[in-house]
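Q: Here is my input; please provide its structure:
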Amino acid sequence: MAYNQLVAASCGGLGMRRVAVYLAGTLCLYSQTAAAPPKTWIDPDTGHRVVRLTDEPGTASLYFNQNGYTADGRKLIYTTPQGISTLDLATHATKAVVTGRVRVIVAGRKTQNVYYTKEGAVWSTDVDSGATREIAKLPARNSAGVSTVNADETLLAGTYIENDGADYNANRSQEPQSVGLIQPANKGQMMEERLAAQLPMAMFTISTKTGEVKVIHRATDWLNHLLFSPTDPGLLMFCHEGPWHKVDRIWTIRMDTAQITKIHTRTMAMEIFGHEFWSDDGKTIWYDLQTPRGEDFWLAGYNVETAARTWYHLQRNEWSIHFNVTRDGKLFCGDGGDPGQVAKAPDGEWIYLFHPELFPNRGAVSKDLVNPGVLHAERLVNMSKHQYKLEPNVSFTPDQKWVVFRSNMFGATYVFGVEVAKAK
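A: Residues are numbered from 1 along each chain as shown. Next up, the predicted model:
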């Protein structure tokens, strides 16, 4: 019997007089709460309107740095227990577009395609017409995976462990994309062991037109978090994965020259940086920076054209597991964190809106100096009922009026949106 059926049977077979003294009573109350979470409300602590965007339990928006919006800006891509669906951002109408056990890669920036892997191959589906095609088989290795599509949708990129990775399950190195959203309790140990393994890896591309596979980089570093520039089809960001205080994490590689660039250089022991993402114009790579780990918090940016660096300071409670930025680059958002996260924030369980302010430079001017500033925080959603083993993964809608996130604040996971402007 399924869990929800078991709960229903337990509830139906118990009198109300016995609920208070029987464990199943707790399950009944949980079931009633989880079955009908509110569709919309104004957060009493922030004054911002929150809307539950999905109705089916177990639905989730994409990882924070995956493009989850169709090229026309009208639809949100999200995952369900049955596959992949879209949500019309204007009408909130939903539509199932892919069924089956799949792994979402990203929504295209040029076409209405969503890209995903299924049954050892990469596929695309037009979310409007439903037209579907198999692009290519993945390299014949258990560890092979694709995680990004470039700006003009001509190349996919991914990694695999050489020699088939028979001695290690490389799929554990990937960020959860679909229904397996909860972070494992032993993630720290897994990260240490995987880094120490120094398994030989290959980073490859697949042509979306011909299916040709081409290896572009090899290393014994743990290669992960590949993400093409949203505007430059030939520029790919990737990371050296592992415990952040032990790796030089953020890099780029050019498709035409194979030139590799390190984005951030550590200047102190225990300095950490990661959860990198692109600005919408493709000029800046933004990332979480801590100097040192768990003590001082920044949202740092690196301009890939000029190498100029910008650091916005945050207070401990304002640190977020993930950040994101509007398409015009004028606002940031964050998903906060509970006291068990690296910041150990006593009051950090909020969805945040950030207004950046750069400090005026009245001193030396040099391209080698960091441009400092501060993020002024505004709270959007009280997340004290959310269990942060599920990361909310915030993103702005294309019109910049809403912040979308996933949450289990009512028990099951749903997709929510909070309005940037305060409710009137």
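Q: Let me see the ranges of the strands in the stretch 201-350 of the chain.
A: 201-207, 213-219, 223-228, 235-240, 250-254, 260-262, 272-278, 284-290, 297-303, 309-314, 323-325, 332-334, 350-358 (DSSP state E, counting those that start in this stretch).
Q: what residues are up against the closest residue to Thr265 other than its chain neighbours?
A: In space, and not counting its chain neighbours, Thr265 is closest to Asp248: 7.4 Å by Cβ to Cβ, 6 or more residues apart in numbering. C-beta here means a position set from N, CA and C on the backbone, and glycine is covered the same way. With contacts defined as Cβ atoms under 8 Å, 6 or more residues apart in numbering, Asp248 is in contact with 240, 262, 264-266.
Q: And Phe359, by the same measure?
A: So Phe359 contacts 372-374 (Cβ under 8 Å, 6+ apart).
Q: mind checking how far it is from Val370?
A: 11 Å (Cβ to Cβ, to the nearest Å).
Q: Helices of the stretch 51-200 of the chain, residue ranges please.
A: In the stretch 51-200 of the chain, the helices defined using DSSP state H, counting those that start in this stretch lie at 187-197.
Q: ok so, going back, mind giving me the PyMOL select for the contacts of Asp248, buried ones only?
A: To isolate the buried members of the contacts of Asp248 in PyMOL, using 16 or more other Cβ atoms under 10 Å:
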select buried, resi 240+264+266
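Q: pLDDT and distance to Lys39 for the contacts of Asp248 - can I get that in CSV?
A: Below are the contacts of Asp248 laid out as CSV (pLDDT from 0 to 100; distance: Cβ to Cβ, whole Å):
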residue, pLDDT, distance to Lys39
His240, 96, 43
Lys262, 98, 47
His264, 98, 42
Thr265, 97, 48
Arg266, 97, 47
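Q: Give me the subset of the contacts of Phe359 that lies in strands.
A: Among those, DSSP state E puts 372-374 in strands.
Q: what about Pro392, how many neighbours?
A: Pro392 is flanked by 29 other residues according to other Cβ atoms under 10 Å.
Q: ah, wrong one, I meant Trp244
A: Trp244 is flanked by 21 other residues according to other Cβ under 10 Å.
Q: Start at 98, not 1
A: New numbering, starting at 98: the last item is Trp341.
Q: Identify the bridge partners of the residue lying closest to it once chain neighbours are set aside.
A: Nearest residue to Trp341, sequence neighbours excluded (Cβ to Cβ, 6+ apart): Ile369, at 3.7 Å. Beta bridges link Ile369 to Gln387, judged by DSSP bridges.
Q: who are the neighbours in contact with Met480?
A: Residues near Met480 by Cβ under 8 Å, 6+ apart: 432-433, 446-448, 489, 504, 506.
Q: try 7 Å
A: When contacts are counted by Cβ atoms under 7 Å, 6 or more residues apart in numbering, Met480 is found next to 433, 446-448, 504, 506.
Q: Name the member of these with the most neighbours.
A: That'd be Gly433 among these, by other Cβ under 10 Å, with 31 neighbours.
Q: So what sits opposite Arg149 in the bridge?
A: Taking DSSP bridges as the rule, Arg149 bridges to Phe513.
Q: any idea how far Lys172 is from it?
A: Using Cβ to Cβ, one gets 17 Å for the distance from Arg149 to Lys172.
Q: cool, Val201 as well?
A: Using Cβ to Cβ, one gets 14 Å for the distance from Val201 to Lys172.
Q: How about Ala248?
A: 19 Å.
Q: what about those two, which has more around it?
A: Shown here are Ala248 and Lys172; by other Cβ under 10 Å, Lys172 has more neighbours (26 against 18).
Q: Tell me what the nearest residue to the more buried one once chain neighbours are set aside is bridged to.
A: Among residues not flanking Lys172 along the chain, Thr183 sits closest, at 4.4 Å (Cβ to Cβ, 6+ apart). Beta-bridge pairing for Thr183 (DSSP bridges): Ile174, Lys192.
Q: and Thr183, how many neighbours?
A: The number of residues packed around Thr183, counting by other Cβ under 10 Å, is 24.
Q: Just to check, it is in contact with Ala193?
A: No - applying Cβ atoms under 7 Å as the test, Thr183 and Ala193 come out as separate, 8.4 Å apart.
Q: lowest-confidence helix or strand of the protein?
A: The weakest-scoring helix or strand in the chain, judged by mean pLDDT, DSSP states H and E, is helix 113-116 (a mean of 30).
Q: This structure - how does it break down into domains?
A: 98-133, 135-164+376-521 (automatic domain parsing).
Q: Let me know which of the ones you listed is tucked in deepest.
A: domain 135-164+376-521 (a mean of 19; mean count of other Cβ atoms under 10 Å).
Q: just to revisit the earlier point, in CSV, list the contacts of Met480 along with distance to Ala299 and pLDDT.
A: Compiled in CSV, those are given as follows (distance: Cβ to Cβ, whole Å; pLDDT from 0 to 100):
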residue, distance to Ala299, pLDDT
Gly433, 37, 98
Glu446, 40, 98
Trp447, 41, 98
Ile448, 38, 98
Ser504, 37, 98
Met506, 41, 97
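Q: got TSV for those residues, with distance to Thr494 too?
A: Putting these into TSV (distance: Cβ to Cβ, whole Å) gives the following:
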residue	distance to Thr494
Gly433	19
Glu446	23
Trp447	19
Ile448	14
Ser504	16
Met506	20
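Q: Looking at the residues you listed, which one is closest to Thr177?
A: Set against Thr177, the nearest of these by Cβ to Cβ is Ser504 (15.8 Å).
Q: rank the domains of the chain by mean pLDDT and give me the bottom one.
A: Note on the domains of the chain: domain 98-133 shows the lowest mean pLDDT, a mean of 36.
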